[in-house]
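> I'll drop the sequence and a predicted model, then ask my questions.
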Amino acid sequence: MSISSTGLSREERSAKLTSVDIGSALAEAIEQVASVSFQQACVLQDVKPTKGHELVDTGEWETYLAGSTRKVTLRSIKARRDRLLAEAKTTRRPALSEGLMKGPAASLAARKRRGRPRKARAVSKPAQIPAE
């Protein structure tokens, strides 16, 4: 004895899923509520914990306590990243240093060598011929 289905068929379910953009809605919902630990936020932004605390103090990172763990929202991390990218597009790159403008050989010659300096070559004086 088989049980007749009253639900949607596979084709109807797939058609229904494609009509709704679940991907963007889900991503937006996750971004609004998702958070990472303070240490993970520091790794994501490539900053040391000291700089991370400065970001929390200035309000760039939104944080809250979950029990005894400090959590940083992904929304605030993304906002900081977007702000830094916008600044990078508007700022100009610094000019090349003088040594690099003259060429690679000039910049290598201008560089100091590490370690003990080389011995100075002895300068030989021309031989004096006695006058007779």
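In hand now; what should we look at?

> Please make it C-alpha for all contacts and neighbour counts, starting now.
OK.

> Residue ranges in this structure under the pLDDT threshold?
The chain contains residues with pLDDT under 70 at 1-33, 94-112, 125-127, 132.

> Of all the residues in the top helix by length along the chain, which ones are buried?
Longest among the helix segments of the chain by residue count, using DSSP state H, is helix 74-90. Residues of helix 74-90 classed as buried: 74, 75, 76, 77, 80 (neighbour count, 16 or more other C-alpha atoms under 10 Å).

> dump the residue contacts of the third one.
Listed by C-alpha atoms under 8 Å, 6 or more residues apart in numbering, the contact partners of residue 76 are 60, 61, 62.

> Counting neighbours, which of those end up buried?
Using 16+ other C-alpha under 10 Å, the buried members of the contacts of residue 76 are 61, 62.

> Nearest to residue 44 among the contacts of residue 76?
Residue 44 has its nearest neighbour among these in residue 61, at 12.4 Å by C-alpha to C-alpha.

> in the protein, which spans are helices?
10-19, 22-33, 38-45, 49-58, 74-90, 98-102, 104-110.

> Need the nearest residue in space to residue 37, chain neighbours excluded.
Nearest residue to residue 37, sequence neighbours excluded (C-alpha to C-alpha, 6 or more residues apart in numbering): residue 71, at 4.6 Å.
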